[in-house]
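*Asks:* Sharing a sequence plus its predicted fold:
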Amino acid sequence: MRRLPFIEFMELLEFSHLRFEPPEPAAGAALLGTLEWRNGPQHDAGDASGIYVCSTLEALRDAVLSPEAAEIHIDSPARGRIRLRAIARHRSAAARPPCIRVDLSALIRRVLVPAAAPAHLYDLVRHVVMTRLWVEVARV
């Protein structure tokens, strides 16, 4: 699963893309960005606005649409984590893709809303997800 702020979650549903996390300065010029997925919710104290998108490793592989100037590598650097990395195909690739396009119906298996989130946020997320994807939305 991956925790997304509400705005990024809505962007995912509307534009079918996930934002990359920018690479560390020492990561090298070829690394364009990463996306981390984890087993289980990441608890952020006091933040009830995060939405959790649940998927599987196979679904990630099927759903990710590689950008033209980059290759996507999926690995598991540690137990309970999956990492997607975008690596430039050519050293001269100047444009860093800010996001990666995905096939929503292949990617999203379930959506979780924190139990501390207001009821109206849960209702909004549930309504939008059910009208677009028809997948389960639950509280955690």
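*Replies:* Thanks, I have it.
*Asks:* Leu104: neighbour count?
*Replies:* 19 (other CB atoms under 10 Å). For every residue, glycine as well, the C-beta is placed using N, CA and C.
*Asks:* which ones are touching it?
*Replies:* Leu104 makes contact with 12-13, 16, 63, 132-133, according to CB atoms under 8 Å, 6 or more residues apart in numbering.
*Asks:* Show only the entries of the residues you listed found in strands.
*Replies:* Judged by DSSP state E, these include no members of strands.
*Asks:* Quick check on those: which are buried?
*Replies:* 12-13, 16, 63, 133 (16 or more other CB atoms under 10 Å).
*Asks:* Export these as CSV, with columns for pLDDT.
*Replies:* Below are the buried ones among the contacts of Leu104 laid out as CSV (pLDDT from 0 to 100):
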residue, pLDDT
Leu12, 94
Leu13, 94
Ser16, 94
Ala63, 92
Leu133, 91
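*Asks:* Pass me the low-pLDDT residue ranges in this structure, would you?
*Replies:* Along the chain, the model assigns pLDDT under 70 to residues 25-29, 40-48, 90-97.
*Asks:* how about the strands in it?
*Replies:* 2-5, 17-19, 31-38, 50-54, 64-65, 70-75, 81-88, 99-102, 110-113, 136-139.
*Asks:* So for Tyr122, which of the ones you listed sits nearest?
*Replies:* strand 110-113 (4.7 Å; CB to CB).
*Asks:* So Pro114 versus Pro77, what's the distance?
*Replies:* From Pro114 across to Pro77, the span is 26 Å (CB to CB, to the nearest Å).
*Asks:* Those two: which has the busier surroundings?
*Replies:* Taking neighbours as other CB under 10 Å, Pro114 and Pro77 compare with Pro114 leading, 19 against 9.
*Asks:* For Phe6, give its distance to Pro118.
*Replies:* For Phe6 relative to Pro118 (CB to CB), the value is 11 Å.
*Asks:* For the two, indicate the residue with more neighbours.
*Replies:* Counted by other CB under 10 Å, Phe6 and Pro118 do not tie: Phe6 has more neighbours, with 15 against 11.
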